[in-house]
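Asks: What would the 3D arrangement of this be:
(one chain, ligands or ions: 1)
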Amino acid sequence: MKNNSLDVFPPGSIIGIMGGGQLGRMTALAAANLGYRCHIYTEDTDSPAAQVSATTTVASYKDQAALTQFAKAVDIITYEFENIPLSSITLLKNIKAIRPSPSILAISQHRGKEKEFAEQHGVNVAPYKIIKKISDLESAIKTIGTPSVLKTCRFGYDGKGQIVINEPEEIHSAWNQLSSDDLVLEQFVEFEKEISIIIARDTNHKTKAYQAAENNHVDHILDATTVPADITDKTASMAADIGLKLAESLDLIGLLAVEMFVMGDGTVVMNEIAPRPHNSGHWTQDGAQTSQFEQFVRAITGQPLGETKMTRPVKMQNLIGDAVRQLPSFFTNPNAKIHLYGKQEVRPGRKMGHVNILEP
Ligand code: AMP
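Replies: Residues are numbered from 1 along each chain as shown. Predicted coordinates for the structure are as follows:
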């Protein structure tokens with residue numbers, strides 16, 4: 001097994017990326033700038049990442065023969081989304097090093113484990129209860145109260161797999177709709193705003209934090225991110241401390257995005273973590289000394305981290321579904337930096353690209 005955390009992979013090495021979405025695409029572009037080649041493993045043909053990478057394997061995430069061949073063909077493995085079966089990750093890690101480590105992926109794949117880990121390390125989360133059966137939900141609603149949010153522990157993203165419960169009577173319909181025996185009920189947080197922080201940690205355990213970003217969601221999907229976030233210095237340093245503490249406790253090599261709620265009194269409550277580049281970090285492509293994608297590549301290949309300082313205030317606007325039709329106005333805006341994902345079909349809720357609008 002090759003899993004030495006001190007391994008350095010020089011430019012020219014092949015980075016295997018599990019997942020073919022836009023995060024993989026932008027990682028592959030940054031990797032190419034540093035002289036690396038990327039091999040994408042995805043279930044989809046003509047994926048955003050495959051369009052810009054040297055090699056692609058199109059196969060099921062459970063295809064053991066294809067996974068084995070992929071692992072043998074690359075020098076180091078990473079992932080651009082979290083919902084990879086753990087059995088496949090185990091197969092891969094027995095052949096090549098995976099960064100960030102599979103143990104971090106196992107935590108971030110499961111909302112319950114994520115919250116438990118945060119609590120164990122003194123990080124505030126909303127009051128919650130793990131729900132395995134309807135009687136758990138009946139008793140949990142009495143302690144957590146309403147409004148609350150019932151979420152699937154796995155495979156939830158962009159608001160999918162979650163239902164707000166406003167009255168205790170709604171629990172049965174929420175239970176039936178989610179139809180899972182692996183759920184979490186959490187208190188609805190009356191937050192002031194949502195922020196996120198991105199932390200990088202390298203093989204020498206050096207860490208760097210990016211400026212906290214302020215996130216605006218529409219229909220549970222990230223719509224826009226503004227940097228710097230309109231928060232006090234105290235809140236910003238609390239957010240950075242939480243991110244650094246989690247990155248260190250997880251023994252991260254790579255990137256960690258931490259989404260948080262800011263309360264009226266300026267304190268923060270962690271919502272969720274992701275051990276990969278994050279949509280709320282896209283501003284770094286045009287507004288920071290080193291983009292989150294380059295930083296990710298540096299960290300996982302054992303190179304020193306780049307500087308994270310903000311160079312210019314930015315508003316990152318996602319182009320979701322039909323919003324991509326606004327492109328002509330961005331093409332004529334000298335302060336707009338356009339990033340498109342190469343997706344052919346426009347669908348409601350589909351992230352087609354984003355624009356970083358720099359402060360003039
Ligand atoms: P998540 O998938 O957990 O990131 O949730 C998506 C979005 O739903 C968050 O960014 C919030 O806007 C909202 N949300 C999730 N959980 C809660 C909560 N416990 N209280 C209030 N809003 C929430």
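
Asks: And the residue of the stretch 151-300 of the chain that's closest to the ligand?
Replies: As assessed by C-beta to the nearest ligand atom, the ligand sits closest to V189 within the stretch 151-300 of the chain, at 3.7 Å. Quick note: C-beta positions are derived from backbone N, CA and C, even for glycine.

Asks: In contact with that residue, which residues?
Replies: 126, 261, 263, 269, 271 (C-beta atoms under 8 Å, 6 or more residues apart in numbering).

Asks: Was I right to think the fourth one contacts I242?
Replies: No - between V269 and I242 no contact is recorded; they are 9.8 Å apart, counting by C-beta atoms under 8 Å.

Asks: List, out of the contacts of V189, those positioned next to the ligand.
Replies: Here is what survives when these are matched to the ligand using C-beta under 6 Å from any ligand atom: 126, 271.

Asks: Which one of the contacts of V189 sits in the busiest neighbourhood?
Replies: Ranked by neighbour count (other C-beta atoms under 10 Å), the contacts of V189 have N271 at the top, with 21 neighbours.

Asks: Can you name the residues of the stretch 251-360 of the chain that neighbour the ligand?
Replies: So the stretch 251-360 of the chain meets the ligand at 259, 271-272 (C-beta under 6 Å from any ligand atom).

Asks: which neighbours do V269 and I242 share?
Replies: By C-beta under 8 Å, 6+ apart, the residues touching both V269 and I242 are M260.

Asks: still on that earlier bit, the residues of the stretch 251-360 of the chain next to the ligand in strands, which ones?
Replies: 259, 271-272 (DSSP state E).

Asks: any chance of these in JSON lines, plus pLDDT and distance to E307?
Replies: As requested, those are exported to JSON lines (pLDDT from 0 to 100; distance: C-beta to C-beta, whole Å):
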{"residue": "E259", "pLDDT": "97", "distance to E307": "24"}
{"residue": "N271", "pLDDT": "96", "distance to E307": "28"}
{"residue": "E272", "pLDDT": "95", "distance to E307": "27"}
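
Asks: L340: which of those residues is nearest?
Replies: Distance ranking of these against L340, using C-beta to C-beta, places E259 first at 24.7 Å.

Asks: Near the closest one, how many other residues are there?
Replies: 18.

Asks: Just list whatever residues bridge to it.
Replies: Beta bridges link E259 to S196, E272, judged by DSSP bridges.

Asks: L256: neighbouring residues, count only.
Replies: 26.

Asks: Shouldn't it be within a strand?
Replies: Yes - per DSSP: H, G, I helix; E, B strand; the rest coil, L256 lies within a strand segment.

Asks: Just to check, it is in contact with I198?
Replies: Yes - using C-beta under 8 Å, L256 is in contact with I198, at 7.2 Å.

Asks: what is in contact with these two at once?
Replies: Contact with both L256 and I198 is made by residues G243, according to C-beta under 8 Å, 6+ apart.

Asks: Does K208 touch L305 like I think?
Replies: Yes - between K208 and L305 there is a contact at 5.0 Å, judged by C-beta under 8 Å.

Asks: any common contacting residues for those two?
Replies: Contacts common to K208 and L305, judged by C-beta under 8 Å, 6+ apart, are 200, 295.

Asks: so who does the nearest residue to A323 once chain neighbours are set aside touch?
Replies: With sequence-adjacent residues excluded and distances taken as C-beta to C-beta, 6 or more residues apart in numbering, A323 is closest to M352, at 7.5 Å. Neighbouring residues of M352 by C-beta under 8 Å, 6+ apart: 319-321, 323-324, 340-341, 343, 346.

Asks: just T284 next, same as before
Replies: Counting by C-beta under 8 Å, 6+ apart, T284 touches 198, 210, 290-292, 295, 308.

Asks: Just put these in a markdown table and tack on distance to H110, secondary structure and neighbour count.
Replies: Compiled in a markdown table, the contacts of T284 are given as follows (distance: C-beta to C-beta, whole Å; DSSP: H, G, I helix; E, B strand; the rest coil; neighbours: other C-beta atoms under 10 Å):
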| residue | distance to H110 | secondary structure | neighbour count |
| --- | --- | --- | --- |
| I198 | 21 | strand | 28 |
| Y210 | 25 | coil | 29 |
| T290 | 31 | coil | 21 |
| S291 | 29 | coil | 25 |
| Q292 | 24 | helix | 27 |
| Q295 | 26 | helix | 29 |
| T308 | 29 | coil | 20 |
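
Asks: Which member of these is positioned nearest I15?
Replies: The nearest member of the contacts of T284 to I15, counting by C-beta to C-beta, is Q295 at 14.0 Å.

Asks: what's the spacing between the closest one and R276?
Replies: Distance from Q295 to R276, counting by C-beta to C-beta, to the nearest Å: 11 Å.

Asks: For the stretch 1-150 of the chain, which segments count as helices?
Replies: Taking DSSP state H, counting those that start in this stretch, the helices of the stretch 1-150 of the chain run over residues 22-33, 64-73, 86-93, 102-108, 111-120, 134-144.
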